[in-house]
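**Student:** The following block contains a protein sequence and its predicted model.
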Amino acid sequence: MRLADSLLPRPALTNPSLLVATVTSLSHRAASRQDLWRLLTDSYTVDLDAVAAVLPRQEPEPDWLPSRR
């Protein structure tokens, strides 16, 4: 968040359907998942657990064991 904006109140997103719509809208502008979180928290006050529940799960890449020879 920019310093000048830190004193201005941000709107709170508490309605689940509005949260989903906002996340969907911001995801089109965000280059990455981290960018989406930044855009969302810079613009709104949100329950981070609610946002995490709305976002699709991001599974880690499997760490395959090297094959034995």
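**Tutor:** Structure's in. What do you need?
**Student:** all helices of this protein, in order?
**Tutor:** Assigned by DSSP state H, the chain shows helices spanning 16-29, 33-43, 48-54.
**Student:** what does the shortest one contact?
**Tutor:** By Cβ atoms under 8 Å, 6 or more residues apart in numbering, the residues outside helix 48-54 that reach it are 16, 19, 20, 23, 37, 40. Just so you know, the C-beta spots here come from the backbone N, C-alpha and C atoms, and that holds for glycine as well.
**Student:** And the residues you listed, which two are furthest apart?
**Tutor:** Farthest pair in these (Cβ to Cβ) is 16 and 37. Separation: 17.8 Å.
**Student:** between these two, who's got more neighbours?
**Tutor:** residue 37 (18 against 12; other Cβ atoms under 10 Å).
**Student:** Quick one: residues contacting that one.
**Tutor:** Per Cβ under 8 Å, 6+ apart, neighbours of residue 37: residue 51.
**Student:** that older thread, pick the one among the contacts of helix 48-54 closest to residue 10.
**Tutor:** Nearest to residue 10 out of those is residue 40 (Cβ to Cβ; 10.1 Å).
**Student:** Point out where the protein drops to low pLDDT.
**Tutor:** Along the chain, segments meeting pLDDT under 70 span 1-6, 59-63, 65-69.
**Student:** one step back: which among the helices of the chain is found nearest to residue 64?
**Tutor:** Across the helices of the chain, closest to residue 64 is helix 33-43 (Cβ to Cβ), at 23.4 Å.
**Student:** and the closest one, C-alpha only, in CSV?
**Tutor:** Provided in CSV are the C-alpha atoms of helix 33-43 (Å, rounded to 0.1, in the frame of the first residue of the first chain):
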residue,chain,number,x,y,z
ARG,A,33,-1.1,-15.2,-7.3
GLN,A,34,1.1,-12.9,-5.2
ASP,A,35,0.0,-10.0,-7.3
LEU,A,36,-3.6,-10.9,-6.8
TRP,A,37,-3.1,-10.9,-3.0
ARG,A,38,-1.4,-7.5,-3.2
LEU,A,39,-4.1,-6.0,-5.4
LEU,A,40,-6.8,-7.3,-3.1
THR,A,41,-5.3,-6.2,0.2
ASP,A,42,-4.2,-2.8,-1.1
SER,A,43,-7.8,-2.1,-2.2
